[in-house]
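# I'd like to go over a predicted model; first the sequence, then the structure.
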Amino acid sequence: MAAEKKDTLQFLSVVESHKGILYKIANAYCKDAEDRQDLIQEIMLQLWKCFDSYNSHYKYSTWMYRIALNVAISMYRKEHRRKDISGPITDQILLLADTGYNNEIDMKISLLQQFISELKEFDKALMLLYLEQKSHKEMAEILYLSETNIATKIGRIKERLKQKFAHTLNQL
């Protein structure tokens, strides 16, 4: 019983130290506050279930990213299967049209967030890690890819984002 309490306290300490990971991933994968809470709860459950099998060769943050991204991607896929997009006008387009930007930087940040949210689940996860300034080595450990593959994918995603920026800014 004492060991179980120690494990619980250690788990809570680890989660508290790295809770920003949970919120970043939830914000990236869920627009609705209720959905974000559901995702965070599911991530917490999976983290707890996997806590006994934590591999100390990795940082806790790497372990948490790996589990949290897998849960987020799984939930994202399930949710997308349930929803059908009824027309060409999406919430993001309406939001973009309705947003009053204070300056050009705000507009570009908003566009970047929009473009990242439109990426495939895996690419979105990769860009979250990239924007967190994780090294290619850390990203490779989290996503189970080689560092070379990480670099190639990031280069391709950045190129697509640049093209989207150019196209969008030319239309404004």
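Arrived safely, thanks for sending.
# can you list the domains in this structure?
The record's domain parsing of the chain by automatic domain parsing lists 1-83, 87-172.
# what's the average pLDDT for the longest one?
Looking at domain 87-172 alone, the average pLDDT works out to 80.
# Name the residues that touch the lengthiest helix in the chain?
Ranked by residue count under DSSP state H, the longest helix found in the chain is helix 147-171. Applying CB atoms under 8 Å, 6 or more residues apart in numbering, the contact partners of helix 147-171 are 108, 111-112, 115-116, 119, 123, 126-127, 130, 136-137, 139-140, 143, 145. For glycine as for every other residue, the C-beta is placed from the backbone atoms N, C-alpha and C.
# Can you pull up the most central residue in the protein?
Ile25 (3.6 Å; CA atoms, centre = their mean).
# ok, now which ones touch that one?
Taking CB under 8 Å, 6+ apart, one finds 39, 43, 65, 68-69, 72, 128 in contact with Ile25.
# One more: Ala140?
Neighbour list for Ala140: 146-147, 149-150 [criterion: CB under 8 Å, 6+ apart].
# in the particular helix or strand that has it in it, what counts as buried?
Ala140 belongs to helix 136-143 when assigned by DSSP states H and E. For helix 136-143, burial by neighbour count (16 or more other CB atoms under 10 Å) applies to 136, 138-143.
# Can you lay out those residues as CSV showing distance to His57?
Shown next, in CSV, are these (distance: CB to CB, whole Å):
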residue, distance to His57
His136, 18
Glu138, 13
Met139, 16
Ala140, 14
Glu141, 9
Ile142, 13
Leu143, 16
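# coming back round to it: chain center to the helix holding Ala140, what's the gap?
Its chain's C-alpha centre and that of helix 136-143 lie 14 Å apart, by CA atoms, centre = their mean, to the nearest Å.
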